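Asker: would you be able to build a 3D model of this:
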Amino acid sequence: MPCPHPYEPAVRAAYRNEMNAARLAADGASRWRHLERAHILSQPWPWPHTRNHVAMFVLAVAQRDRREALGQAVRIIVAAPGSAAGR
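Answerer: Below you'll find the model as predicted:
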């Protein structure tokens, strides 16, 4: 099922900015904050939404946060279909 909303250039740019800021952030708390913002922006679009959860999973593993890593693993599986279905 195709995404019902076009991925507007301004939203795409804001998403990329947040993802880049997360990569460049000096500490874990800042990384999470940028990833959370990117998550909000990416929710209607399957692939950016899934990429965001992958980045969150990678950060959780790097921080040795098993609970968060498990939660993100589940979200990776449901993110694309959920976004495509509009949920």
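Asker: flag the shaky bits of the chain, pLDDT-wise.
Answerer: When the per-residue scores of the chain are filtered using pLDDT under 70, the ranges that remain are 1-5, 86-87.
Asker: residue boundaries of the helices in it?
Answerer: Under the criterion DSSP state H, helices of the chain are mapped to 9-24, 28-42, 46-62, 66-84.
Asker: what residue is smack in the middle of the protein?
Answerer: residue 52 (2.0 Å; CA atoms, centre = their mean).
Asker: surely that one touches residue 36?
Answerer: No - using CB atoms under 8 Å, residue 52 is not in contact with residue 36; the gap is 9.1 Å. In short, each C-beta sits where N, CA and C put it, glycine included.
Asker: the residue nearest to residue 31 when sequence neighbours are not counted: what's it in contact with?
Answerer: Beyond its immediate neighbours in the sequence, the residue positioned closest to residue 31 (CB to CB, 6 or more residues apart in numbering) is residue 25, lying 4.4 Å away. In this structure, residue 25 makes contact with 31, 33, 34, judged by CB atoms under 8 Å, 6 or more residues apart in numbering.
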